[in-house]
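A.B. asks: Coordinates only, no sequence provided:
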């Protein structure tokens, strides 16, 4: 089977992120970047599925030359080859989904796995748009009960399971009040939640092998996708700093304040 | 001159950093306290390609440069210097085969390490011959197609867990360094006794034992190089490994600085965080400055080796400066923490104990200075 997985380049959450004074974006200088952690979980899940069922994991990223670093990371983890959609400049969620649609139509995977959202702008839209554009089934927030990869956990039924004839996939997904199980005909789009797996390391032998794995270059023009954004970012701003809390002398005062000041009870 | 890391160097540094942060560090205090051998962690390092980093591509290795190795080892030592020392032990033991072995020996004795998890130990030091290598008294006597080894070795890293030993012995003590010869002992042959695990002050996660050889028979095909070539092989091995030992100091010191920055921002005296006091700022600045200086010395000596040049002088600069630097930085980190720094529940006293060993093993800081002086007089 063939699995297409996304690898978005996002700001490393460990670096300090500052909004530019004019609100036009964030300060790029000195920032570190990494693969979107939800996408990394997607790569891991894809690798586990092909380890079991055979086939290949193709990884795709959209952006300037620098996104090759994230593609190489996925290749070092074990993906077979990469597709790089070379595009700089503004791009909204529908633009991303449009490009991925064309890549998917070209690659014809059995399954597309994406992170449920990217940790930069946390939109949580591309997977859903992509399924709609392709007319495929979707199962979002694929998850397990626990994140720990204990022996006990490893022996449990995986959250993503192929049907007997490899024509469907069963997905356990995280919903507000627990877990829901869906069965989807293939091809399908799955998005990953945090508690799906613990991604492996890009091992040193993997890093060395990744150097010679192919990265195919495409552009929006080659894919005939108009990526003119329909969504415009007007301004970015930091959230207001948290104000100091207050101490109340007793429960009665607390209840009174909650009722009359905060109006939450 | 270029200080920019390549994409694959950044990638391997990232992997080593992640491994150090997620696998090594959470267990560092436990293995320091108990002195238990962190076998599982070392197996996991092997699975991720962080063991046998010096093995050339032709023998199943990754073809990493010295600089690549340094980038990874700084991270591992940042996690725990004891575990990093255990992880370096395979390379130290196998370097004599890399620098002095025949093609057949490299295929037979190096390659298996990249195919399955195995540990090797470098057995050079003796109770009465540490830095004075030529004074060794373990003997080798030819007997048909074997040599017979007798003697004692001490402070052997991973010796209690090794599957293979690289042993130096003399064919004729009167010949001094010209009698020294290198052998590979496979498995645990009859007559090889492993002593108790030493209860060390620092780097307690690494296994350190004494070895005793009583009529241990080694086939002639496991002699590395010619008779009497052992001295050259040992020296070339140590020239190669010295920048790595040096960079472990940088990893320790960087951990000490990071802990100090964190603590000095939280801890308040006289109404403000202690890092707003100049006395503390000066210590932090000195730490950062010396760490960077040591790192550059290490990288320069690795770069020389990567260019195929001799690096005895620069690697002695690096080893001596970095080891002394780490001792000072870790001691200052304890000072920044004050009373809490002296207590084992806080992380910095371990760094001070760990750093001390680097001033001692693989050539003491004094021996490094001797080497430097000798080079100056040339």
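C.D. replies: It's in. All values reported here derive from a predicted model rather than from experimental measurement.
A.B. asks: From here on, just use CA atoms for contacts and neighbour counts.
C.D. replies: Will do.
A.B. asks: got any ranges where the stretch 1-150 of chain A has weak pLDDT?
C.D. replies: Low-confidence segments of the stretch 1-150 of chain A, defined by pLDDT under 70: A:145-150.
A.B. asks: at 90 instead, please
C.D. replies: Scanning the stretch 1-150 of chain A for pLDDT under 90 picks out A:13-17, A:23-25, A:28-30, A:89, A:121, A:143-150.
A.B. asks: where do the helices sit along it?
C.D. replies: A:37-53, A:68-77, A:93-107, A:126-134 (DSSP state H, counting those that start in this stretch).
A.B. asks: Among those, which comes closest to residue A:258?
C.D. replies: Closest approach to residue A:258 among the helices of the stretch 1-150 of chain A is made by helix A:37-53 (37.4 Å; C-alpha to C-alpha).
A.B. asks: who does that closest one touch, helix- and strand-wise?
C.D. replies: strand A:2-6, strand A:56-63, helix A:68-77, strand A:111-115, strand A:188-192 (3 or more C-alpha pairs under 8 Å, 6 or more residues apart in numbering or on different chains; DSSP states H and E).
A.B. asks: try 6 Å this time
C.D. replies: strand A:111-115 (3 or more C-alpha pairs under 6 Å, 6 or more residues apart in numbering or on different chains; DSSP states H and E).
A.B. asks: could you say what helices and strands the strand it packs on packs with?
C.D. replies: By 3+ C-alpha pairs under 6 Å, 6+ apart, strand A:111-115 packs against strand A:2-6, helix A:37-53, strand A:188-192.
A.B. asks: Deepest-packed of the helices of the stretch 1-150 of chain A, please.
C.D. replies: When you average the neighbours per residue for each of those (mean count of other C-alpha atoms under 10 Å in any protein chain shown), helix A:68-77 leads with a mean of 26.
A.B. asks: Mind giving me the packing neighbours of that helix?
C.D. replies: Against helix A:68-77 (3+ C-alpha pairs under 6 Å, 6+ apart) you get helix A:204-210.
A.B. asks: Now do the strands in chain B.
C.D. replies: B:120-123, B:139-143, B:146-157, B:164-170, B:180-186, B:192-194, B:208-219, B:223-224, B:268-269, B:272-273 (DSSP state E).
A.B. asks: Please name whichever of these is nearest to chain A.
C.D. replies: strand B:272-273 (18.5 Å; C-alpha to the nearest C-alpha).
A.B. asks: which residues are in contact with the closest one?
C.D. replies: B:265-267 (C-alpha atoms under 6 Å, 6 or more residues apart in numbering or on different chains).
A.B. asks: at 10 Å instead, please
C.D. replies: Contacts to strand B:272-273, defined as C-alpha atoms under 10 Å, 6 or more residues apart in numbering or on different chains, come from residues B:263-267.
A.B. asks: Direction included, what does that strand pair up with?
C.D. replies: Paired neighbours of strand B:272-273 in the sheet (DSSP bridges): strand B:268-269 (antiparallel).
A.B. asks: now the partner strand, how far from the chain's geometric center?
C.D. replies: Centroid separation for strand B:268-269 versus its chain: 39 Å, with C-alpha atoms, centre = their mean, to the nearest Å.
A.B. asks: returning to that earlier point: I'd like to know which of the helices and strands packed on strand A:111-115 is closest to residue B:344.
C.D. replies: Here helix A:37-53 is closest among those (C-alpha to C-alpha), at 34.8 Å.
A.B. asks: sorry, back to before: mind putting the helices and strands packed on strand A:111-115 into JSON lines with distance to residue B:368?
C.D. replies: Formatted as JSON lines, those follow (distance: least, C-alpha to C-alpha, whole Å):
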{"stretch": "strand A:2-6", "distance to residue B:368": "51"}
{"stretch": "helix A:37-53", "distance to residue B:368": "45"}
{"stretch": "strand A:188-192", "distance to residue B:368": "54"}
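A.B. asks: wait, which of the ones you listed is closest to residue B:371?
C.D. replies: helix A:37-53 (48.8 Å).
A.B. asks: now that closest one: how far from the chain's centre is it?
C.D. replies: Counting by C-alpha atoms, centre = their mean, helix A:37-53 comes out at 12 Å from the chain centroid.
A.B. asks: so who does the residue in chain A positioned nearest to chain B touch?
C.D. replies: Per C-alpha to the nearest C-alpha, residue A:203 is where chain A lies closest to chain B, at 4.3 Å. Counting by C-alpha under 10 Å, 6+ apart, residue A:203 makes contact with A:73, A:76-78, A:209, B:11-12, B:15-16, B:19, B:45-50.
A.B. asks: With residue A:187 instead?
C.D. replies: A:2-3, A:108-112, A:131, A:134-138, A:166-169.
A.B. asks: could you redo the last one with a cut-off of 7 Å?
C.D. replies: A:109-111, A:136 (C-alpha atoms under 7 Å, 6 or more residues apart in numbering or on different chains).
A.B. asks: tell me which parts of the stretch 51-200 of chain B are close to chain A?
C.D. replies: By C-alpha under 7 Å from any C-alpha of the partner chain, the residues of the stretch 51-200 of chain B that approach chain A are residue B:62.
A.B. asks: what pLDDT does the residue of the stretch 51-200 of chain B at minimum distance from chain A get?
C.D. replies: Closest residue of the stretch 51-200 of chain B to chain A, C-alpha to the nearest C-alpha: residue B:62 (6.3 Å). Residue B:62 carries a pLDDT value of 93.
A.B. asks: Please tell me I have it right and it contacts residue B:52.
C.D. replies: No. Contact status for residue B:62 versus residue B:52: not in contact, 8.8 Å apart, counting by C-alpha atoms under 7 Å.
A.B. asks: Give me the more crowded residue out of the two.
C.D. replies: residue B:52 (29 against 21; other C-alpha atoms under 10 Å in any protein chain shown).
A.B. asks: What separation is there between that one and residue B:181?
C.D. replies: Counting by C-alpha to C-alpha, to the nearest Å, the gap from residue B:52 to residue B:181 is 23 Å.
A.B. asks: go on, residue B:339?
C.D. replies: 51 Å.
A.B. asks: rewinding a little: okay, the strands of chain B in TSV with mean neighbour count next?
C.D. replies: Shown next, in TSV, are those (neighbours: other C-alpha atoms under 10 Å in any protein chain shown):
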stretch	mean neighbour count
strand B:120-123	27
strand B:139-143	18
strand B:146-157	22
strand B:164-170	25
strand B:180-186	25
strand B:192-194	18
strand B:208-219	20
strand B:223-224	26
strand B:268-269	12
strand B:272-273	14
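A.B. asks: what would those strands look like in a markdown table with mean pLDDT?
C.D. replies: Formatted as a markdown table, these follow (pLDDT from 0 to 100):
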| stretch | mean pLDDT |
| --- | --- |
| strand B:120-123 | 97 |
| strand B:139-143 | 97 |
| strand B:146-157 | 96 |
| strand B:164-170 | 97 |
| strand B:180-186 | 97 |
| strand B:192-194 | 97 |
| strand B:208-219 | 97 |
| strand B:223-224 | 98 |
| strand B:268-269 | 94 |
| strand B:272-273 | 96 |
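A.B. asks: And the ones you listed: which comes nearest residue A:183?
C.D. replies: strand B:120-123 (51.1 Å).
A.B. asks: Residues contacting the closest one, please?
C.D. replies: B:89-90, B:92-93, B:153, B:156-159, B:162-168.
A.B. asks: and it, how far from the chain's centre?
C.D. replies: The mean C-alpha position of strand B:120-123 is separated from the chain mean by 12 Å, C-alpha atoms, centre = their mean.
A.B. asks: next one: stretch B:340-351
C.D. replies: 23 Å.
A.B. asks: Now do the contacts for residue 36.
C.D. replies: Defaulting to chain A. A:7-10, A:118-119.
A.B. asks: oops, chain B please
C.D. replies: Per C-alpha under 7 Å, 6+ apart, neighbours of residue B:36: residue B:205.
A.B. asks: Phi, psi for it please.
C.D. replies: Main-chain dihedrals, residue B:36, degrees, to the nearest 10: phi -70, psi 150.
A.B. asks: How about residue A:198?
C.D. replies: phi -110, psi 110.
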